[in-house]
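A.B. asks: here is my input; please provide its structure:
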Amino acid sequence: MVDLVALKTANAARWAIAKPTRNFVAIARALVAPSAKARYLDVAGKTGVPWFFIAVVHEREASQSWRASLAQGDPWDKVSIHVPAGRGPFQSWEEAAVDALVNCAPHAARNSDWSPGGLLTMLEEYNGLGYAGRNLPSPYLWSGTDQYRAGKYIRDGVFSADVVDTQLGCAGLLMAMMVQDKSIDLARPVIMAPAPDLVGRPIAKPAPARTEPVMRCPISAM
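C.D. replies: Below is the predicted model of the structure:
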């Protein structure tokens, strides 16, 4: 069992000292672009989840493809086959994103702690707590920074200590986004009310909690 309070403290401490080791600028610019930000803000308004959290999850799960679900990168107009499986089909990217944040573990829309430690830990929960269970910094957060060196789940439940995650992590993305968009200020935590559960939304099957990071099948951004 992972101690989430301790994990928040650890992630806040890493955030305070982390330095990028790769270039995050190009992707950060795409995530804060006005056309993208407007869509993230729309979902933020419906869920209470900060728009920049939604943006970095969109990059990690789907390489910012608007054809792919925020939940796991599967096409949102089909029933999802990866965890969380059985979601959809949906009418739009936004509808699928709201479902992912409200109805799927870790239920980010219920979170009210958007301090650096709280936000980063919610991101880690979104991917799964397998790395925390091994007392390792999660590449989902820290890949591309000096807080991460190696170690990756190469498929569901299979961990390799020697494999390096080549995808950029959420923490470095947030740092670069903060340079591009001054409205993002993690020193002043965003206080947003958790969204109520959506009424009348069809659920194909309960969405399981993620205890280990799961493999993603990102679709190239369109």
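A.B. asks: contacts only, for the closest residue in space to Ser138 that isn't next to it in sequence.
C.D. replies: Spatial nearest neighbour of Ser138, chain neighbours left out: Tyr131 (4.0 Å); criterion: C-beta to C-beta, 6 or more residues apart in numbering. C-betas here are computed from N, CA, C, even on glycine. Contacts for Tyr131 were tallied using C-beta atoms under 8 Å, 6 or more residues apart in numbering; they are 124, 137-140, 151, 213.
A.B. asks: measure Tyr131 to Asn103 for me?
C.D. replies: In this view, Tyr131 and Asn103 are 25 Å apart by C-beta to C-beta, to the nearest Å.
A.B. asks: residue nearest the centroid of the chain?
C.D. replies: Most central in the chain under C-alpha atoms, centre = their mean is Val57, positioned 3.1 Å from the mean C-alpha point.
A.B. asks: which other helices and strands contact the strand or helix carrying that residue?
C.D. replies: Per DSSP states H and E: Val57 is located in helix 51-62. Helix 51-62 sits against helix 25-32, helix 34-47, helix 93-102, helix 116-127, helix 170-180, with contacts defined as 3 or more C-beta pairs under 8 Å, 6 or more residues apart in numbering; DSSP states H and E.
A.B. asks: can you list the low-confidence ranges for this structure?
C.D. replies: 189-212, 214-222 (pLDDT under 70).
A.B. asks: my read: the residue nearest to the centre of the chain touches Ala68, true?
C.D. replies: No: counting by C-beta atoms under 8 Å, Val57 does not reach Ala68; the two are 11.5 Å apart.
A.B. asks: and Phe159, how far is that from Ser143?
C.D. replies: The value you get for Phe159 to Ser143, if C-beta to C-beta is used, is 15 Å.
A.B. asks: the more surrounded of the two?
C.D. replies: The neighbour comparison of Phe159 against Ser143 (other C-beta atoms under 10 Å) goes to Ser143, with 26 against 17.
A.B. asks: spit out the contact partners of the more buried one.
C.D. replies: Taking C-beta under 8 Å, 6+ apart, one finds 164-169, 172 in contact with Ser143.
A.B. asks: got those residues as a markdown table, with neighbour count columns?
C.D. replies: Below are these laid out as a markdown table (neighbours: other C-beta atoms under 10 Å):
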| residue | neighbour count |
| --- | --- |
| Val164 | 12 |
| Asp165 | 19 |
| Thr166 | 10 |
| Gln167 | 15 |
| Leu168 | 23 |
| Gly169 | 28 |
| Gly172 | 27 |
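A.B. asks: which of these fall in strands?
C.D. replies: Judged by DSSP state E, the contacts of Ser143 include no members of strands.
A.B. asks: would TSV of the residues you listed with distance to Val5 be doable?
C.D. replies: Formatted as TSV, the contacts of Ser143 follow (distance: C-beta to C-beta, whole Å):
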residue	distance to Val5
Val164	29
Asp165	26
Thr166	31
Gln167	28
Leu168	28
Gly169	22
Gly172	24
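A.B. asks: let me know the closest of those residues to Ile81.
C.D. replies: Gln167 (20.5 Å; C-beta to C-beta).
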